[in-house]
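[1] coordinates only, no sequence provided:
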C-alpha cells in the first residue's frame, strides 16, 4: 500500500479550501458560508464513516452490513426528497426507488460473484449505487416538476379527451426517466477518455495494476447503468400520480 | 325530458374571492346553450367545472341525473368533452393527434373514420402525416376538434373554439358543430363572443357578478 496521507498533509491541504474561499470572496459569489459548512461536514462525516467502516469491516457480521446498507439508502432517500420540490410523498417514493435499485443491483452483483457479501465490498458498492440513484432521481424529479409546470395545457387536453393519468403524462414521464439516466449514459461514453472514475482511480492509487482496476470500473459502469435506469423508472412511475388528485385533476 | 346537465347552487372559490357562486343551470339533451360575459367573469371556469377538470367548492353537478362525482373521471370526460380555445397538438404529426382517442381507448386506429372527420372539417386526408409544425392556426384547431368528436361525446363544452379563426374556417367549424348538434343530438355548451354562434343558440346566458343570469332579449 503506497498511501501516506498524514494528518499534517491534510491540514496543509486546507490551503486548497482557502483558494476556493478566495475565489468566492473575490468574485462575490456569497458561497463562503456554504464552503465552510461543506468542509466541516465533509471532515466530520468522513471521519465518523472511517471509524464506523473500520469497525464494520473488522466485525464482518451480515446484520451489521445490512444495517449499513439501510442507513446509506435512507440517507440517499432523504437527500433525494430535498430535490423533489413540492412533490407529495417524495421521501417514500425516493426510498422505494433507491431501495429497490440498490437491492436488485447488489443481488445481481453478489449472485454473479462479481463482489462478495462482505462489508468491505458491499458497503462501498452500496454507496456508489445509492448516490448515483439519488442524483438520477433528483434530476428526474426536476424534469418532472418543470414539465408539469410548463406543459400544463397539453396535460389538461389529454385529460379532457378522457386519458387517465398515465396516458396523459406518458411523454413527460419518459422524458424525466431519460433525464435521470442521461449523465450515466454520457459518462459511460467518455469513461477512460475524459475521466478516470473514482473506483478505478482509487484502485490505481492504492497500487492495483491498472489493467485489473479497469475490470472493476467496467463492472461499476454496468452497475450504474442498471441503477440509474431502475431508480429513475421506479421514482417517475410512482411520482407522476402525485400531481393529480383523486378526481384525476391536476393539482 | 330529463336534464342532461344540471348545476345546483354550484360555487367555485379556491381563494378568498369567489370566481363563481350560486350557479344554477339545467341543460336539456341536444340543446345548444351559449354563455357570454365579460373577460375574467368565470365562463371558462364554469366549463371546466362541468368537464370535471376542476371540482366545485360547493354545490352539485349532475350528468344524466347522477352526481358528476360518482362517475369515473375518465369515463365522464369521454362523454362530456371539453374543447380548448387554442388546441395544443401533441407529438409530431396530425396522425399522432387523431390516433390519440383510439390509443387511450386501447383500440386500433380507424383510418377510415379519421379520414371521414378530416373531410367533414374540410381538411385533406393527405394531411394525416403532415408535421403539426406546418399547420396553420385554423388547421390546428380543426385537428384539435376532431380529437374531441372521433368518438362522438354526449356533451361538448366549447371554450371560445372559433376565436382567432378566419371567417371561412369559423364557418366550417360552426357548420360541423351545428351538424353534430342537429344530426347526432350532441348537447353544446359554448362560451363565445361570436355573434353567429350567439344567434344559433337555443338559450343564451350571461355570466356576471360571479353567477349566471338569463340574457335579456
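    That came through fine. Predicted model only: the values in this text are computed from it and were never measured.

[2] distance of the residue of chain A found nearest chain B relative to residue B:140?
    Residue of chain A nearest chain B, by Cβ to the nearest Cβ: residue A:162 (3.6 Å). Quick note: C-beta positions are derived from backbone N, CA and C, even for glycine. To residue B:140, residue A:162 is 20 Å away according to Cβ to Cβ, to the nearest Å.

[3] comparing the two, which residue is more hemmed in?
    residue A:162 (25 against 18; other Cβ atoms under 10 Å in any protein chain shown).

[4] show me what contacts the nearest residue to residue B:187 once chain neighbours are set aside?
    In space, and not counting its chain neighbours, residue B:187 is closest to residue B:155: 4.4 Å by Cβ to Cβ, 6 or more residues apart in numbering or on different chains. If you count contacts by Cβ atoms under 8 Å, 6 or more residues apart in numbering or on different chains, residue B:155 has them with B:4, B:5, B:27, B:50, B:63, B:79, B:80, B:81, B:186, B:187, B:188, B:189.

[5] let's see the pLDDT reported for residue B:155.
    Predicted confidence (pLDDT) for residue B:155: 97.

[6] likewise residue A:98?
    For residue A:98, pLDDT reads 96.

[7] quick check, it in contact with residue A:77.
    Yes - if you go by Cβ atoms under 8 Å, residue A:98 and residue A:77 touch, sitting 5.3 Å apart.

[8] the two: who's more crowded?
    Using other Cβ under 10 Å, the more surrounded residue of residue A:98 and residue A:77 is residue A:98, with 31 against 23.

[9] ok, back up a step: you'd agree the residue of chain A closest to chain B is up against residue B:72?
    No - at 10.0 Å, residue A:162 and residue B:72 do not qualify as touching, with contact defined as Cβ under 8 Å.

[10] number of nearby residues for the nearest residue to residue A:104 once chain neighbours are set aside?
    Using Cβ to Cβ, 6+ apart and skipping the chain neighbours, the partner closest in space to residue A:104 is residue A:230 (6.0 Å). By other Cβ under 10 Å, the residues close to residue A:230 number 22.

[11] by contact count, what packs against the helix or strand where residue A:230 lies?
    For residue A:230, the host element (DSSP states H and E) is helix A:210-239. When contacts are defined as 3 or more Cβ pairs under 8 Å, 6 or more residues apart in numbering or on different chains; DSSP states H and E, helix A:210-239 packs onto helix A:90-111, helix A:119-150, helix A:165-190, helix A:198-205.

[12] what does the first one contact?
    Contacts made with helix A:90-111 from outside it, assessed by Cβ under 8 Å, 6+ apart, are listed as A:69, A:72-74, A:76-78, A:80-81, A:84, A:87, A:114-117, A:122, A:125-126, A:129-130, A:133-134, A:137, A:141, A:219, A:223, A:226-228, A:230-232, A:234-235, A:238-239, A:242.

[13] joint contacts of residue A:98 and residue A:77?
    Jointly contacting residue A:98 and residue A:77 under the rule Cβ under 8 Å, 6+ apart are residue A:134.

[14] quick check: beta-bridge partners of the residue nearest to residue B:187?
    residue B:80, residue B:187 (DSSP bridges).

[15] what residue ranges in the chain score low on pLDDT?
    In the absence of a named chain, this looks at chain A. Chain A contains residues with pLDDT under 70 at A:1-3, A:195.

[16] that was the other one, I meant chain B.
    Using pLDDT under 70, chain B drops low at B:209, B:213-217.
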